[in-house]
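**Student:** below is the sequence, then the predicted model.
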Amino acid sequence: MTAPALLPGIHARLITTPRLTLNLLELPDRTGEPVLFVHGNVSAATFWQQAMLDLPQAYRPLAVDLRGFGGTDPLPIDATHGLRDYSDDLTALRDTLALDRIHLVGWSMGGGIALQHLRDHPTAVRSLTLVNPVSPYGFGGTHGPDGRLNHRDGAGSGAGTVNPEFVRRLTEGDRSEDSQLSPRAVLASSYVKPPLRPALEDAFVDAMLSTRTGDDHYPGDTRPSDHWPGTAPGPRGVLNAMAPTHFRIDDLHRIDPKPPIGWIRGTDDLIVSDTSLFDLAHLGALGAVPGWPGAYHCPAQPMLAQTRHALDHYAAAGGHVRETAIPDAGHAVHIDKPKEFTAALLDTLTAGR
């Protein structure tokens, strides 16, 4: 894979840990409190470059490529561990770099990884910032604010829910915009809010195309289901690691200590939403996926309500939580509204000092 072009001041280096070798972006002259940025699905650390540069000198920004993305080793994902393969990789990175306590920032799937890391290692986290995070109860296949399964097998979640044409174009390295399902078109329509075309669009497309595909990576393997839409999560790969049968954090309020949590979201996010255009149940309700059995059997997943439910419990148990909704911003709120994002991020970082 060709090394990505980086903004001035940002450098990349490989960090070999006992688990794997990870690609890390950093500002080598910074020695302040470490802030570790964790990217989302079908992306890489390069999505964080401007956010890294915008942090004050008091902080040491670091952004890591997750396994199977960017320049990090493409080790397989055991989805039966939920997002713990990724979280344990972060632990290995922290240990190798001798990072005592970190500010953790997770976007989308990275938000779920950050939640898992906080859940397992609360004393290692100064603060947690969630950026349009996946629900604490997984992606797809649940209903209600407490994330109850629609079906025991997780039907409607996992690798079988992704459009195979998008996966094909991703695998083939398609940089065109001749289809709504090309990575570039998905970036322009769903990552950022139209009509924005980011100055670093080519770098972002390259990051998306760094995604390893297949049963052990993106999207993962599938299992048939007797329930609509006929597919359930398998035990391997990225999307299955976020399936509610494998990933669920419903006891965050029990951890001790409780570092401050900031939840930053774009009000026009199409991916993580109570009406997500990436949730087959909502698409079925719109008539875009045939055979939908109706809201009683398969309601749309209330992703925002579920995150708020978990964070409300955290706050009720004594944790500090701040929700910031940024208007006119989509899924990549840090790209859409960088100044507003940095201001909200700093609120949480200072609360965790």
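**Tutor:** On my side now, so go ahead.
**Student:** what's opposite residue 326 in the beta bridge?
**Tutor:** residue 266 (DSSP bridges).
**Student:** list the contacts of it.
**Tutor:** 264, 265, 266, 267, 333, 336, 337, 340, 341, 344 (C-beta atoms under 8 Å, 6 or more residues apart in numbering). Any C-beta I mention is one placed from the backbone N, CA and C, and that applies to glycine too.
**Student:** what about these, which are in helices?
**Tutor:** Among the contacts of residue 326, DSSP state H puts 333, 336, 340, 341, 344 in helices.
**Student:** quick one: buried ones out of the contacts of residue 326?
**Tutor:** 264, 265, 266, 333, 336, 337, 340, 341, 344 (16 or more other C-beta atoms under 10 Å).
**Student:** check the secondary structure at the nearest residue to residue 19 once chain neighbours are set aside for me.
**Tutor:** Leaving aside its sequence neighbours, residue 19 sits nearest to residue 92 (C-beta to C-beta, 6 or more residues apart in numbering; 4.3 Å). At residue 92 the chain is in helix, as set by DSSP: H, G, I helix; E, B strand; the rest coil.
**Student:** which residues does residue 60 contact?
**Tutor:** For residue 60, the contact set (C-beta under 8 Å, 6+ apart) comprises 26, 27, 30, 31, 32, 33, 34, 35.
**Student:** and it, its phi and psi?
**Tutor:** Reported as degrees, to the nearest 10, the phi and psi values for residue 60 are phi -110, psi 100.
**Student:** who is it paired with across the strands?
**Tutor:** Per DSSP bridges, the residues bridged to residue 60 are residue 34.
**Student:** ok, it to residue 328 distance?
**Tutor:** 31 Å (C-beta to C-beta, to the nearest Å).
**Student:** quick check, pLDDT for the residue nearest the centre of the chain.
**Tutor:** Residue closest to the average C-alpha location in the chain (C-alpha atoms, centre = their mean): residue 109, at 1.9 Å. Confidence at residue 109, expressed as pLDDT, is 98.
**Student:** can you tell me the closest non-neighbouring residue to it?
**Tutor:** Closest to residue 109 by C-beta to C-beta, 6+ apart is residue 41, at 4.2 Å.
**Student:** gap between the one you found and residue 323?
**Tutor:** Counting by C-beta to C-beta, the gap from residue 41 to residue 323 is 22 Å.
**Student:** between the two, tell me which one has more neighbours.
**Tutor:** Regarding residue 41 and residue 323, a neighbour count based on other C-beta atoms under 10 Å identifies residue 41 as having more, with 22 against 17.
**Student:** contact partners for the more buried one?
**Tutor:** By C-beta under 8 Å, 6+ apart, the neighbours of residue 41 are 108, 109, 211, 218, 238, 239, 242.
**Student:** point out where the stretch 1-150 of the chain drops to low pLDDT.
**Tutor:** The stretch 1-150 of the chain contains residues with pLDDT under 70 at 1-2.
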